[in-house]
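K.L.:
after the sequence you'll find the predicted model.
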Amino acid sequence: MSLLADRADPSGPPPAPDELWARGAAYRRRRRAVGAAGVAAVLVLLAALGGLAWDRGRAEVQPAGAVDAGVGGGLRLPDTFFTPNDWLPAAEASTGPLVATVPWSDAGWLGSRPGLVGVSATGEYAFLPLVDAAHGDLTTALSADGRWLAWWTSGGAITGAPVDPAASGTDAPVTGLAVMDTTTGEVQRREVVSEHGLQPEGLAWAGDTLWWSTFAFTDVGSAAGSTSSFLRAAAWDLSNGTSISLGVADRPAYVPGMGAADSGSLVATGGRRVVRFPGPGAREVLRGDRQLLGAAFASSEGRTVVTTAYARGTGRFADRPTEPVLATPAGDGRLTVRPLRVEGYAPETLTPVGWRDATHVVLAASDLETAFVSVDVATGEAEVVSRAELQVASAQVSFAQGVWSAPERDVVAPPDPFDPRAVAALGVVVVLLGAAGVGLWRRRVRP
């Protein structure tokens, strides 16, 4: 019987009350200690996560004057143009002269929208606040010294019904343009009267004069397209506020590839022609024997123009590769056009972007990334002066022409912020795991 009784009650006699009290008190202390340790661990992890996110997202756009304006006009040529981050901060003050702008997706908590990243003269990156920008067409133009930034705008008055967004490619009709002084942040606007909205074409600077060309939609259109009137070109002198329209009669008003400036003159290509606009209302047309396309860039102290041409051959131009060429006046309104060969680079991968000095052009050699190559126009010798982590041509990057002749500068990579939504989600996961861990310990450990 004694053996059966022992087996029925293996715990033996109950502990004394004092022992039970001591055991319960110790258990409470352990619970409080484990709970405090769990909370502390969660707080440490959250602090580490927040600190890492803050450090990766730090950004400060240097104000105007951060670079000596007496050297290179205040601009510097970065050794690398980096790929922007979708979560870069917005510039809250004037950035000072910009060396480049990059259309980029500006991410937010509820989604993304088209944005424009500015690269300052000191190498900082930030999204720029573009007033009434025509989202869907973030084509921009930087003046040669990086002071003026121009873009197309929407929201202005039109005399009729707005064009269908499916036909225009923008969320609202383009109705004008705006210019920001990057040294002060001041924005000036210019409205262009139209019935249904505008179809932007060229946008370029020549000194302090902004040139642009547009079509005007003549009907509301649909997803299948719309029709538009003849192209108009105009100029706006920011130094005195005057403007002039070139009109259809002032041919060639159509100036595809407008975007080069030399000493205040605009240079553009059209078919087999190079067109130079010394000023509003004046023009000079030079004709060559090659079909030219794309932007044209004139040397600062000469009349030589570097641009792009279709390779010689038969068949449609669109089926031929392209190559960089030099166009030089040959007298009697004629052009001598010769290809610019660069050892080690396929001609079709090279795109002119400007001039390094009077005898060197800068070409963008694009593959998965872009190398900016300074090429001697006489010998073809090349030297890489900068790089970009993205394809410049497809990304529609706009450069201040003065940057190519500016001193080089080593720059650090811009901020690379985490997606704050992921950071917040990870923080919630850390809190839940910490709470679950403490709760599981309490369930498994008894007094």
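P.N.:
Received the coordinates, thanks.

K.L.:
what about the closest residue in space to Gly155 that isn't next to it in sequence, how many residues nearby?
P.N.:
Nearest residue to Gly155, sequence neighbours excluded (Cβ to Cβ, 6 or more residues apart in numbering): Asp132, at 4.6 Å. All C-beta spots, glycine's among them, are computed from the backbone N, C-alpha and C. For Asp132, the count of nearby residues is 18 (other Cβ atoms under 10 Å).

K.L.:
please, which helix or strand holds Arg338?
P.N.:
strand 334-339 (DSSP states H and E).

K.L.:
which parts of that strand are buried?
P.N.:
Leu335, Val337 (16 or more other Cβ atoms under 10 Å).

K.L.:
just the strands from the stretch 101-250 of the chain, written as ranges.
P.N.:
According to DSSP state E, counting those that start in this stretch, the stretch 101-250 of the chain carries its strands in the segments 111-120, 125-127, 140-142, 148-154, 174-181, 187-191, 198-206, 209-216, 232-237, 243-245.

K.L.:
pLDDT at the closest residue to Ala133 other than its chain neighbours, what is it?
P.N.:
Distances taken as Cβ to Cβ, 6+ apart put Trp151 closest to Ala133, at 5.6 Å, once the chain neighbours are dropped. Looking at Trp151, its pLDDT stands at 92.

K.L.:
please name the bridge partners of Trp151.
P.N.:
For Trp151, the beta-bridge partners under DSSP bridges are Thr140, Ala178.

K.L.:
quick check: mean pLDDT of the host helix or strand of Val375?
P.N.:
If you go by DSSP H and E, Val375 is part of strand 370-376. For strand 370-376, the mean pLDDT works out to 91.

K.L.:
now the following helix or strand past that strand against strand 370-376, angle please.
P.N.:
The helix or strand immediately downstream of strand 370-376 is strand 382-388, counting by DSSP H and E. Angle of strand 382-388 versus strand 370-376, following axes from the mean of the first three to the mean of the last three Cα atoms, to 10 degrees, is 150 degrees.

K.L.:
what is the mean pLDDT for strand 382-388?
P.N.:
Here the average pLDDT along strand 382-388 is 91.

K.L.:
what about the helices in the stretch 301-447 of the chain?
P.N.:
Here the stretch 301-447 of the chain has its helices, by DSSP state H, counting those that start in this stretch, at 392-395, 420-444.

K.L.:
scratch that, the stretch 151-300 of the chain is what I was asking about
P.N.:
165-168.

K.L.:
where in it is pLDDT low?
P.N.:
167-170, 221-231, 242-265, 278-282 (pLDDT under 70).

K.L.:
repeat the analysis, applying 50 as the threshold.
P.N.:
247-257, 259-262 (pLDDT under 50).

K.L.:
name the helices or strands packed onto the strand holding Arg338?
P.N.:
In terms of contacts (3 or more Cβ pairs under 8 Å, 6 or more residues apart in numbering; DSSP states H and E), strand 334-339 is packed against strand 282-287, strand 322-331.

K.L.:
quick one on the thing from earlier: how about the strands of the stretch 101-250 of the chain, which one is nearest Ser299?
P.N.:
For Ser299, the closest of those is strand 198-206, at 14.4 Å, according to Cβ to Cβ.

K.L.:
counting by contacts, list what that closest one packs against.
P.N.:
strand 140-142, strand 148-154, strand 174-181, strand 209-216, strand 260-262, strand 265-270.

K.L.:
got the angle between it and strand 232-237?
P.N.:
Using the same axes, to 10 degrees: strand 198-206 against strand 232-237 is 40 degrees.

K.L.:
quick one, strand 198-206 and strand 148-154 angle?
P.N.:
Using the same axes, to 10 degrees: strand 198-206 against strand 148-154 is 170 degrees.

K.L.:
output strand 198-206 as PDB, nothing but the C-alphas.
P.N.:
Coordinates of each C-alpha in strand 198-206 appear next as PDB, following Å, rounded to 0.1, in the frame of the first residue of the first chain:
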ATOM      1  CA  LEU A 198       0.700  72.100 -77.400                       C
ATOM      2  CA  GLN A 199       2.900  69.200 -78.600                       C
ATOM      3  CA  PRO A 200       6.400  70.200 -77.500                       C
ATOM      4  CA  GLU A 201       9.400  69.700 -79.800                       C
ATOM      5  CA  GLY A 202      12.700  71.500 -79.200                       C
ATOM      6  CA  LEU A 203      13.900  73.200 -76.000                       C
ATOM      7  CA  ALA A 204      17.300  74.800 -75.800                       C
ATOM      8  CA  TRP A 205      19.500  77.600 -74.400                       C
ATOM      9  CA  ALA A 206      21.800  80.000 -76.100                       C
END
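
K.L.:
all good on my end, thank you.
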